[in-house]
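1. when you get a sec, could you give me coordinates for this:
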Amino acid sequence: MSRADAARVVGIERQSLCDALKRFNAEGLAGLYAPPKGHRRPVLSEGEEAALIARTLRGPDPEKASPPVGRCRTCATSSRSVSTSACARSRCRAWCAG
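-> Alright, predicted model coming up:
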C-alpha cells in the first residue's frame, strides 16, 4: 500500500504519516508518542519573582507615585503630565506640567 493510501485509510494527511514514519525509524515506538509540550523557561529566578510580586502588592511609593496635576495652556484641561491625551484630542498640544 502506498503512503498516500495508508494515510487515507487512517484518516490523516500523507505528510503527517511520513513524519510519523521518520520518527518511528529514528526513535522506535517512543518516537510515535507526542513530545511533551514545553513551557517557556522562566525569565526571573524564584527569588526575583517573589521580590517582584511583593513589590507589586506593596504598591507605588507615595512620594514618587504621581506627578502633579497641570493644566494645558490652550484649552485649560486638567490632566496628569503622563496622560496628555485630553490635550492631544483637542489638538492644542500646548501642555504645561505645572
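2. going by C-alpha atoms from here, please, whenever you check contacts or count neighbours.
-> Will do.
3. helices of the chain, start to end?
-> Assigned by DSSP state H, the chain shows helices spanning 3-10, 14-27, 46-58, 85-90.
4. got a markdown table for the ones you listed, with mean pLDDT, distance to K64 and mean neighbour count too?
-> Formatted as a markdown table, the helices of the chain follow (pLDDT from 0 to 100; distance: least, Cα to Cα, whole Å; neighbours: other Cα atoms under 10 Å):
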| stretch | mean pLDDT | distance to K64 | mean neighbour count |
| --- | --- | --- | --- |
| helix 3-10 | 91 | 65 | 13 |
| helix 14-27 | 92 | 58 | 14 |
| helix 46-58 | 91 | 14 | 11 |
| helix 85-90 | 51 | 22 | 14 |
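5. which one of those helices lies nearest to K37?
-> Checking those against K37 by Cα to Cα gives helix 14-27 as the closest, at 16.8 Å.
6. what's near enough to touch L21?
-> Contact partners of L21, counting by Cα atoms under 8 Å, 6 or more residues apart in numbering, are absent.
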